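> Build me a model from this:
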Amino acid sequence: IQMVVALKPIHDAAKIRRIVASTYQAVSGKGLRAMTELEQQTRAVLNNEKVVCKEFPYQIAFNLIPHIDNFQENNYTKEEMKMVLETQKIFEDYSLRVTATTVRVPVFRCHSEAINIETERKITVAEVREILTHAPGVKVVDDPKNNQYPMPVDVTGKDEVFVGRIREDISIEKGIDMWVVADQLRKGAALNAIQIAEILISHKGTIHHV
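Numbers count the residues shown, from 1 in each chain. Model (predicted):
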């Protein structure tokens, strides 16, 4: 949901043609036992003790696992295909091209995403900042000169979707890169449903596929 909340206002303004997303998902996305396992493994590594893996296929402490949910026939994971299909569904645009790589990271809370978009109409960084500054549920934290950008430690416990590192993609003419962070524990099912409904209402005035 955090990617959709950040990108839908841009899609409405300049029509996004393609999305490339790499997600860095906290262990809390897998539940309380996964959080406990990260804590236990971290202690074990620091104390030079044996690391026990139960919730994850490999050690998650001090490691990254590029594998969330089951692999599908196309070698994407179920989580990656969920991002593709749900983004198209919520945007009500099945011509939108989406690809994703989902990675589990040794962070307790907050999912982070590196997102690249290609738009139909060229859009400037200043315009993106202006759009997102006025978008509901979005907070822009983007001041490179002063090292200001969203991080999980700052976003934990907050409802908004935080966006930073907004810049023009130097490899294509109509591309934008950005960094998006949100606390998925705060953004529970009820809040997600409300925000999806608001997105669809603003798009057509009617709600479909929720």
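> CA atoms for contacts and neighbours, from now on please.
Fine.
> what about the strands in this protein?
Taking DSSP state E as the criterion, the chain carries its strands at 16-25, 97-104, 111-119, 138-140, 161-168, 175-182.
> what's the span of stretch 58-77, first residue to last?
For stretch 58-77, the first and last residues are 17 Å from each other (Cα to Cα, to the nearest Å).
> swap that for stretch 102-121, sorry
With Cα to Cα as the measure, the first residue of stretch 102-121 is 28 Å from its last.
> Give the rounded mean pLDDT of that stretch.
Within the predicted structure, the mean pLDDT of stretch 102-121 is 98.
> that older thread, as JSON lines, the strands of the chain with distance to residue 56 would be great.
Putting those into JSON lines (distance: least, Cα to Cα, whole Å) gives the following:
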{"stretch": "strand 16-25", "distance to residue 56": "13"}
{"stretch": "strand 97-104", "distance to residue 56": "9"}
{"stretch": "strand 111-119", "distance to residue 56": "17"}
{"stretch": "strand 138-140", "distance to residue 56": "32"}
{"stretch": "strand 161-168", "distance to residue 56": "27"}
{"stretch": "strand 175-182", "distance to residue 56": "23"}
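> Any buried residues in stretch 167-184, and which?
By neighbour count on 16 or more other Cα atoms under 10 Å, the buried set for stretch 167-184 is 167-168, 174-184.
> List just the nearest of the residues you listed to residue 126.
residue 167 (9.2 Å; Cα to Cα).
> now the closest one, which residues is it bridged with?
In this structure, residue 167 has beta-bridge partners residue 177, where bridges are defined by DSSP bridges.
> Pull the contacting residues for it.
When the contact criterion is Cα atoms under 8 Å, 6 or more residues apart in numbering, the partners of residue 167 are 125, 176, 177, 178.
> So it versus residue 185, what's the distance?
Here residue 167 is placed at a distance of 28 Å from residue 185 (Cα to Cα).
> Ok, residue 118 next?
In terms of Cα to Cα, residue 118 sits 30 Å off from residue 185.
> Perfect, I'm done here.
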